[in-house]
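# coords please:
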Amino acid sequence: MPKVAVIRTGLANLASVLAGLRRAGAEPEVTEDPSVVRAATHAVLPGVGAFGAAMATLDPSGLAEEVRARIGANLPTLCVCLGLQLLSEESEETPGVRGLGILPIQVRRFSGDVRVPQLGWNRVEAPDGARYLQSGYAYFANSYYAPSAPEGWLAAHTEHGVRFVSAMERGNILACQFHPELSGDWGAALLKRWVETPAEAH
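Prediction:
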């Protein structure tokens, strides 16, 4: 049973994430300790709340650097909802606050006539050749989105006023704007595929 370090940002309600990981066959451990994140075979960066507040928690603690290091080393890492947005350089939610800078993109706010936040189920169209992502319906709770995926990442897309990146993957890294832990059997299967990333891939 793989042990998964779940990074506490101070904002996330982690109960559903922990339950989803356990159902997927993992043994999750909530942590604020960078050394635990460094040693873990798998790590999850969840997030519910504001971009700036999350970075204010991650940066001074050393957790931000550990997330950057994990993704740079292709260690199995899952980023959920705000966790995906934190990978960007910046977000319209908190102008002037730098993100993790892993993705050279700016996160944008939904505009126009669509409901903000987007709350509920929506269609995810997965790309061909993806390791983790498959097309299906997922549960979203977001006011902000990634408009594009950088070169080298396989991206799934969803429509909500605009076509946006609902998930992306590269190697052992998976980032989801939706909540797989709240997305029924489809989301449970996605979590299981990521949890089962083999140890030798680390």
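
# Which residue of this protein lies farthest from its centroid?
D113 (26.4 Å; Cα atoms, centre = their mean).

# okay, now the residue nearest to that residue when sequence neighbours are not counted: neighbour count?
Counting by Cβ to Cβ, 6 or more residues apart in numbering, G161 is the residue found nearest to D113 once chain neighbours are left out, at 7.1 Å. C-beta here means a position set from N, CA and C on the backbone, and glycine is covered the same way. A count of nearby residues for G161, using other Cβ atoms under 10 Å, gives 14.

# list the contacts for G161?
Applying Cβ atoms under 8 Å, 6 or more residues apart in numbering to G161 gives the contacts F110, S111, G112, D113, V114.

# The first one reaches E93, doesn't it?
Just to be clear, that refers to F110. No - counting by Cβ atoms under 8 Å, no contact exists between F110 and E93, whose distance comes to 11.4 Å.

# Looking at the contacts of G161, which is nearest L182?
F110 (19.4 Å; Cβ to Cβ).

# confidence score at that closest one?
What the model reports as pLDDT for F110 is 98.

# Could you give the number of residues near the closest residue to it other than its chain neighbours?
Residue nearest to F110 in three dimensions, not counting chain neighbours: V116, with 4.8 Å by Cβ to Cβ, 6+ apart. For V116, the neighbour count with other Cβ under 10 Å is 15.

# What residues does V116 make contact with?
V116 touches R109, F110, S143, counting by Cβ under 8 Å, 6+ apart.

# swap in E181?
Per Cβ under 8 Å, 6+ apart, neighbours of E181: S16, V17, A19, G20, L21, V80, G187, L191.

# again, only using 6 Å
S16, V17, G20 (Cβ atoms under 6 Å, 6 or more residues apart in numbering).

# Look up how far V44 lies from the first one.
Distance, S16 to V44, by Cβ to Cβ, to the nearest Å: 12 Å.
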